[in-house]
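Trainee: Pasting a predicted model and its sequence here:
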There are 2 protein chains.
Amino acid sequence: MDATYDAWAGPTVGQVGELAVLEAVTRRLPAGSPLVGPGDDCAVVAAPDGRFVVTTDMMVHGPDFRWAWSSPADVGWKAAATNLSDVAAMGAVPSGLVVALAAPQETPVAVLEAFAEGVRAGVEALAPGCGVVGGDLSTSATFTVTVTAFGDLSGGAAVLRSGASVGDVLAVSGALGPAARGLSRLFRDGVDADGEPSRSAVVASGADTDPDVARQRRPVPPIADGPLAATAGATAMLDLSDGLAIDAGRLARASRVTLELDDDEALDAAALHGGEDHGLLATFPPGAVLPGGFRRVGVVRERGEHDLVRGGSAVPTTGWDPYADWDGASG
Amino acid sequence: MDATYDAWAGPTVGQVGELAVLEAVTRRLPAGSPLVGPGDDCAVVAAPDGRFVVTTDMMVHGPDFRWAWSSPADVGWKAAATNLSDVAAMGAVPSGLVVALAAPQETPVAVLEAFAEGVRAGVEALAPGCGVVGGDLSTSATFTVTVTAFGDLSGGAAVLRSGASVGDVLAVSGALGPAARGLSRLFRDGVDADGEPSRSAVVASGADTDPDVARQRRPVPPIADGPLAATAGATAMLDLSDGLAIDAGRLARASRVTLELDDDEALDAAALHGGEDHGLLATFPPGAVLPGGFRRVGVVRERGEHDLVRGGSAVPTTGWDPYADWDGASG
C-alpha cells in the first residue's frame, strides 16, 4: 500500500458501509445484458445453446498480486482477463461474469471503485458486450477476489484438452513471455533494500513504464481467437496460464500424445517457461488454415517417453505450486 | 483451531502440494452429472431451459465462520446450503456448483478433505443429483470459500422480489429462528473468560449438542419448495438470509408494497430478526393453495409509510452490515 496510488485514500469501506460500497462498485462494473441482473437472489443469463461453460478463479493478495506492483484497476482487469481466457479456451464466447470481493475494513472505497473500473476496462477491451451479472461483497483480513465466468458454445463442440491427434499442428495465439519478463523485472527492480515489494522502487527504476510489466499487470488474452479456433476445427485447446511448457505438458497428457516443438528461436526460455500471458495453445488438423492470431509452434507425435520434446530432447513441464512455492511475502 | 477437531492434524497443504490436495478434495466432492466436469479450462453444464440462474457467495474466516464454533465439514455444508437456497429462491432447480477455496499453507489437508465431505453431505441432503462441476484451489492467510451455484428454471418465469401484488398472501417455508438462537448461544456460551471464541467452552457448556447450534452450523433450507412455489404461482420470492423482517423489507421495497404480518405468536423476536435460516419468503395470489412447507404469515397491502407493519405498528427492517458491524474477532 502506497500513497502514490491516488485510490489509497479517502473514506474506508468500514466507514461507508455495505450498501454505499455496493452502489459505488456496481455502477462502475460493465452491465452486459443479462435477462435479470444484480439485485435479486440470482441473476438470469441466456444460454441459447442449451449448455454453458463455466470457470472460477480466486485472486488473493500476496500470492496472486501485490499492491506495491499492481494498482486496484490492474487487479480488476487481470481478474476479468484470466477468467475470460478460460472461457475462450473452450471455444466459447463469454456471456457473463460474477464477482465476489472481500476487502479489509480499512480499504478506501476508492480502491474498490478503481478495481471495478479495471474490471470494466478489461471486459470492454477483451470481450465487448459481456458484463458482470452479479456478485458478493464481504470483509476479510486478506483482499480476495473470486471471478466466475460463463460462455456460450454457439452450437459447437467444447474444445477439450484431450482431443489432439497424431499429425495435428500445434499452434499458439497471443504473446509468449512478456508477463513473465515483467514479473522478473518487478522481483528484481520493484523491491526495497530488504527485498520487500516497493511501489517507489518500481517507479524509480523505470519498471512502471516497462511494456512487459504492463502485460504482467494487464494481460491481453486473444479472447476472440478461442471461438475462431473452434470454428476452424481445433482438436484440443487450453489457456496458457503457466507457460507454454507446463501447459503443453497438460495437453499432451490429456490427449495421450507427445508434443514436438519446432526449432524456432522465438521459443526462448521466457516463451517456454513464463506464465500468465493467457494466450491460447491449440492443435489443428494437418493442413488446416490457422485462424486469427494462431501461428505454428510444433506438431503432435505419438505418445513417447516425454510429454514435450524439442530437437530430440525432453523439455521440462513442471512449475509453480501455490501451496508449496509461495514464500509468503505480501507487499 | 483446536485439537479436539480430528481434522486439525496431519500433513499440511504446504507440505503436500497443490496436485495432491486437489486430488484429495475433488474425489470427496459430489460429482453431479455435468457434460464436462473438472479438469479442463471450464466445465460444461446443461441448460435445457435456454437460460440459467447464477448466484455467488463468499465465506470468510472471521466474519462468516469461526473454527472454534464450526467444523470444516460444517463450513462446507453451509457454503453449499446458502448458495442452493439462492437458486431455489428464483424458483429454479440447482444444476451445479463451482467452489473456489483458499487456505493458509499450514492448514492440514484433512481440513480440506472434511470441508469437501461437508459440501457433499449438504448437496446430497438438500439438492440430490446436483454436484460440484469445477473449482479453484489457492493459498491465503485467511481461509476463504467462494461458492457459485447455478439452476434451471424448467421453462417457468424466474420468481423475482418485485412481483408481489396487493392482496397476495405472504408465506414462509422453513424454520424461523433456530440459526440465530444457535449463534446467540455460541456468543454466550462458546467463549472463554476473555470473550474469545473457544471450542472447549462450546463443549463444556453443552452448546455443542444444542439443535439450534446445529442449525446455525448446518442450515437446512427447503430447496425443493422453491420450484414448487414457482409452479404454484408465487408472485415474488427471496431467500431468508438476514431474517424475516430485513428480508420482508427487501421484498416490500422491490415490489413497492407494504407487507402486513399476522398477529401470530410464532413470529417472535428470533423469528423476525434472526438470520441465516435460509428459508423462503414468498407471496402467492389470494386463494392459492400454499405448496410444500409454506405457511401463511401475512398479507400484501398497498404501499404505505412503512415496508413492514404488524398490528398497525412499523416493524424495523434494518440489520447486519459486514463492513460496518464486524468486530474483527476471528477465533
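Mentor: Right, received. Where do you want to start? Computed from a predicted model, the values in this text were never measured in an experiment.
Trainee: and the most centrally placed residue in chain A, what helix or strand is that in?
Mentor: Closest residue to the average C-alpha location of chain A: residue A:82 at 1.9 Å, with CA atoms, centre = their mean. Take DSSP states H and E as the rule and residue A:82 turns out to sit in helix A:72-88.
Trainee: Neighbouring strands - and their directions - for the next helix or strand after that helix?
Mentor: With elements assigned by DSSP H and E, the helix or strand that comes after helix A:72-88 is strand A:93-103. Strand pairing for strand A:93-103, using DSSP bridges, gives strand A:132-139 (parallel), strand A:144-152 (antiparallel).
Trainee: Following the chain past strand A:93-103, name the next helix or strand.
Mentor: Downstream of strand A:93-103, the first helix or strand assigned by DSSP H and E is helix A:109-126.
Trainee: That next one vs strand A:144-152, what angle?
Mentor: 20 degrees (axes from the mean of the first three to the mean of the last three CA atoms, to 10 degrees).
Trainee: So is helix A:109-126 next to chain B?
Mentor: No: judged by CB under 8 Å from any CB of the partner chain, helix A:109-126 and chain B are separated, with a smallest distance of 9.6 Å. Where C-beta positions appear, they are placed from N, C-alpha and C, glycine not excepted.
Trainee: which strands and helices sit next to that helix?
Mentor: helix A:13-16, helix A:18-26, helix A:72-88, strand A:93-103 (3 or more CB pairs under 8 Å, 6 or more residues apart in numbering or on different chains; DSSP states H and E).
Trainee: Using the three-state scheme, assign residue A:29.
Mentor: coil (DSSP: H, G, I helix; E, B strand; the rest coil).
Trainee: Neighbours of residue A:304, how many?
Mentor: Neighbour count of residue A:304, defined by other CB atoms under 10 Å in any protein chain shown: 12.
Trainee: host element of it?
Mentor: Using DSSP H and E, no helix or strand contains residue A:304.
Trainee: Ignoring the adjacent residues along the chain, who's closest to it?
Mentor: residue A:258 (4.5 Å; CB to CB, 6 or more residues apart in numbering or on different chains).
Trainee: how far does stretch A:262-277 stretch from start to finish?
Mentor: Taking CA to CA, to the nearest Å, the first and last residues of stretch A:262-277 lie 20 Å apart.
Trainee: coming back round to it: most packed of the strands paired with strand A:93-103?
Mentor: strand A:144-152 (a mean of 29; mean count of other CB atoms under 10 Å in any protein chain shown).
Trainee: quick one, it and helix A:72-88 angle?
Mentor: Going by the same axes, to 10 degrees, strand A:144-152 makes 40 degrees with helix A:72-88.
Trainee: how about strand A:144-152 as PDB, C-alpha atoms only?
Mentor: Taking C-alpha atoms only, strand A:144-152 is exported to PDB below (Å, rounded to 0.1, in the frame of the first residue of the first chain):
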ATOM      1  CA  THR A 144      -9.600 -11.600  -2.200                       C
ATOM      2  CA  VAL A 145     -11.400 -11.600  -5.500                       C
ATOM      3  CA  THR A 146     -13.200 -14.600  -7.000                       C
ATOM      4  CA  VAL A 147     -14.400 -14.200 -10.600                       C
ATOM      5  CA  THR A 148     -16.700 -16.900 -12.100                       C
ATOM      6  CA  ALA A 149     -17.200 -16.600 -15.900                       C
ATOM      7  CA  PHE A 150     -19.600 -18.200 -18.300                       C
ATOM      8  CA  GLY A 151     -19.700 -18.700 -22.000                       C
ATOM      9  CA  ASP A 152     -21.800 -19.900 -24.800                       C
END
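Trainee: Parallel or antiparallel, list what pairs with the helix or strand just after that strand.
Mentor: Remark: after strand A:144-152, the chain's next helix or strand is strand A:169-173, criterion DSSP H and E. Pairing partners of strand A:169-173, with direction, according to DSSP bridges: strand A:279-284 (antiparallel), strand A:295-302 (antiparallel).
Trainee: I'd like these laid out as JSON lines, including mean neighbour count, distance to residue B:183 and mean pLDDT.
Mentor: Formatted as JSON lines, these follow (neighbours: other CB atoms under 10 Å in any protein chain shown; distance: least, CB to CB, whole Å; pLDDT from 0 to 100):
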{"stretch": "strand A:279-284", "mean neighbour count": "28", "distance to residue B:183": "48", "mean pLDDT": "98"}
{"stretch": "strand A:295-302", "mean neighbour count": "18", "distance to residue B:183": "57", "mean pLDDT": "98"}
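Trainee: Mind putting these into CSV with distance to residue A:56?
Mentor: Shown next, in CSV, are the strands paired with strand A:169-173 (distance: least, CB to CB, whole Å):
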stretch, distance to residue A:56
strand A:279-284, 19
strand A:295-302, 29
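Trainee: nearest to residue B:98, of these?
Mentor: strand A:279-284 (21.6 Å; CB to CB).
Trainee: burial count for residue A:294?
Mentor: 25.
Trainee: Next one: it from chain B, what distance?
Mentor: Per CB to the nearest CB, to the nearest Å, residue A:294 is found 17 Å from chain B.
Trainee: residue ranges with poor pLDDT in chain A?
Mentor: Scanning chain A for pLDDT under 70 picks out A:1-6, A:319-331.
Trainee: Please parse it into its domains.
Mentor: Domains of chain A are assigned by automatic domain parsing as A:13-152, A:169-175+A:220-314, A:180-217.
Trainee: how long is the last one end to end?
Mentor: Which is domain A:180-217. Termini of domain A:180-217 sit 10 Å apart (CA to CA).
Trainee: Right, I'll call it a day here.
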